[in-house]
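S.K.: Predicted structure and sequence below. I'll ask about it afterward.
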Amino acid sequence: MKPDGRRSARLPQAVDHELIENWINVLWLEKGLSENSLASYRRDLRQYALWLNEQEQHLAQAGRSELQRYLNWRLEQQLKSSSTSRLLSCLRGFYRYLLREGHVQVDPTLNLDNPRSGRPLPKTLTEQDVETLLMAPDTRDLLGLRDRTMLELLYATGLRVSELVGLQLEQVNQRIGVIRVVGKGDKERLVPVGDEALRWLSRYLVQGRPLLQKNTLEEALFLSQRGQMMTRQTFWYRVKRYSLESGIDKPLSPHVLRHAFATHLLNHGADLRVVQMLLGHSDLSTTQIYTHVASHRLQSLHREHHPRG
């Protein structure tokens, strides 16, 4: 049976549920992972535990053969190889924890390979697409002014959407034009903000935020109509709305603007390691995929404009 919303709402049996929650607590204490990451790990483990329960097995009893059958079952359901890779990463950490705590004698994930797949190129936008999107909000409107500022800041800095909506007033230094970002694993980085985004930010802080704040003491930079911190989901819906209104016929989300930020920097000659630092990637190999996007774009331009392209 394919894991769907109805099945995911069920909990594994008590013994598995306790092991999962104990490991989640360890991850939070030892690695400081975000709530989103913890929720993903919890969901993956619960789905595996539910599948095992149907086989009359538990997480601490399952061996390599059960895990292999589960992976084959996922393949039959045509689930994405990227999600299976994430699942394996989760299970490796979980079973290392069980081994350390004496709940299992053998780690069933040893020598299991990740599913092979071509690494997909991130979806991105042209510079004209970005310009069209930035112009979509009606800045005469209070929420339009807020949204234009958020879009400008997102494209100017390449922040993750969770980093953007989580920004606090004290993280923004308008005088020197930088923001202090708290990223994955509570790692901090300083990200410069361009003049155009700073102008919109200044206007929002004077003309927009005080009206949205009302009588609350909320310290979040970007506020909802109720004076509370914006949610990722709300901003995602706003971006989709502007995408439709502006006629951009491409899949669009806040994360696509992050990809556009990185790709456009590389197209204009930025150093890969600088882009890595700005994006907050701990591993350069994560950033290197953008070089393929940039190269693909350059090849397209060459074919389009060179007389012998």
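M.R.: Now that the structure is in, tell me what you want to look at.
S.K.: the helices in the stretch 51-200 of the chain, which residues?
M.R.: Secondary structure of the stretch 51-200 of the chain by DSSP state H, counting those that start in this stretch: the helices cover 64-76, 81-100, 127-134, 142-157, 161-165, 195-203.
S.K.: most tightly surrounded among these?
M.R.: helix 142-157 (a mean of 22; mean count of other CB atoms under 10 Å). Just so you know, the C-beta spots here come from the backbone N, C-alpha and C atoms, and that holds for glycine as well.
S.K.: Touching that helix from outside, list them.
M.R.: Applying CB atoms under 8 Å, 6 or more residues apart in numbering, the set of residues contacting helix 142-157 from outside is 130, 133-134, 137-139, 159, 161, 164, 179, 181, 191-194, 196-197, 200-201, 203-204, 207-209, 211-212, 222-223, 225, 230, 235, 238-239, 242, 254, 257-258, 260-261, 278.
S.K.: again, but for stretch 219-232
M.R.: Around stretch 219-232, the neighbours that count as contacts under CB under 8 Å, 6+ apart are 143, 146, 149-150, 161-162, 164-172, 209, 212-216, 218, 234, 254.
S.K.: what's the burial count for Q77?
M.R.: Using other CB atoms under 10 Å, Q77 is surrounded by 10 other residues.
S.K.: re the thing from before, return the members of the contacts of helix 142-157 classed as buried.
M.R.: Buried residues within the contacts of helix 142-157, counting neighbours by 16 or more other CB atoms under 10 Å: 130, 133-134, 137, 139, 159, 161, 164, 179, 181, 191, 193, 197, 200-201, 204, 208-209, 212, 222-223, 230, 235, 238-239, 242, 254, 257-258, 260-261, 278.
S.K.: what are the C-alpha coordinates of stretch 259-276, in PDB please?
M.R.: Only the C-alpha atoms of stretch 259-276 are listed here, as PDB (Å, rounded to 0.1, in the frame of the first residue of the first chain):
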ATOM      1  CA  HIS A 259      18.300  28.900  -7.700                       C
ATOM      2  CA  ALA A 260      18.000  32.000  -9.900                       C
ATOM      3  CA  PHE A 261      20.100  34.000  -7.500                       C
ATOM      4  CA  ALA A 262      23.000  31.400  -7.700                       C
ATOM      5  CA  THR A 263      22.700  30.800 -11.500                       C
ATOM      6  CA  HIS A 264      22.700  34.500 -12.400                       C
ATOM      7  CA  LEU A 265      25.700  35.200 -10.100                       C
ATOM      8  CA  LEU A 266      27.700  32.500 -11.900                       C
ATOM      9  CA  ASN A 267      26.500  33.700 -15.300                       C
ATOM     10  CA  HIS A 268      28.000  37.100 -14.500                       C
ATOM     11  CA  GLY A 269      31.300  35.600 -13.400                       C
ATOM     12  CA  ALA A 270      31.000  35.100  -9.600                       C
ATOM     13  CA  ASP A 271      33.400  32.700  -8.000                       C
ATOM     14  CA  LEU A 272      31.900  29.300  -7.000                       C
ATOM     15  CA  ARG A 273      33.100  29.500  -3.500                       C
ATOM     16  CA  VAL A 274      31.600  32.900  -3.000                       C
ATOM     17  CA  VAL A 275      28.300  31.500  -4.100                       C
ATOM     18  CA  GLN A 276      28.700  28.600  -1.800                       C
END
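S.K.: What are the buried residues along that stretch?
M.R.: 259-267, 275-276.
S.K.: just for the stretch 51-200 of the chain, where's the confidence low?
M.R.: 81, 113-124 (pLDDT under 70).
S.K.: and what of the stretch 201-309 of the chain?
M.R.: Across the stretch 201-309 of the chain (using pLDDT under 70), the flagged ranges come out as 271-272, 274-275, 277, 280-309.
S.K.: Okay, helices next: where are they in it?
M.R.: Secondary structure of the stretch 201-309 of the chain (DSSP H, counting those that start in this stretch): helices at 209-213, 232-246, 254-267, 272-279, 284-305.
S.K.: what packs against the first one?
M.R.: Same thing as helix 209-213. Other elements packing on helix 209-213 under the criterion 3 or more CB pairs under 8 Å, 6 or more residues apart in numbering; DSSP states H and E are helix 142-157.
S.K.: Keeping just the C-alphas, turn the helix it packs on into CSV.
M.R.: Provided in CSV are the C-alpha atoms of helix 142-157 (Å, rounded to 0.1, in the frame of the first residue of the first chain):
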residue,chain,number,x,y,z
LEU,A,142,0.2,47.3,2.1
LEU,A,143,0.6,43.6,1.4
GLY,A,144,1.9,44.3,-2.1
LEU,A,145,4.7,46.4,-0.6
ARG,A,146,5.6,43.7,1.9
ASP,A,147,5.6,41.0,-0.9
ARG,A,148,7.7,43.1,-3.2
THR,A,149,10.2,43.6,-0.5
MET,A,150,10.3,39.9,0.3
LEU,A,151,10.8,39.0,-3.4
GLU,A,152,13.6,41.6,-3.8
LEU,A,153,15.3,40.4,-0.7
LEU,A,154,15.0,36.8,-1.7
TYR,A,155,16.5,37.4,-5.1
ALA,A,156,19.2,39.7,-3.7
THR,A,157,20.4,37.2,-1.1
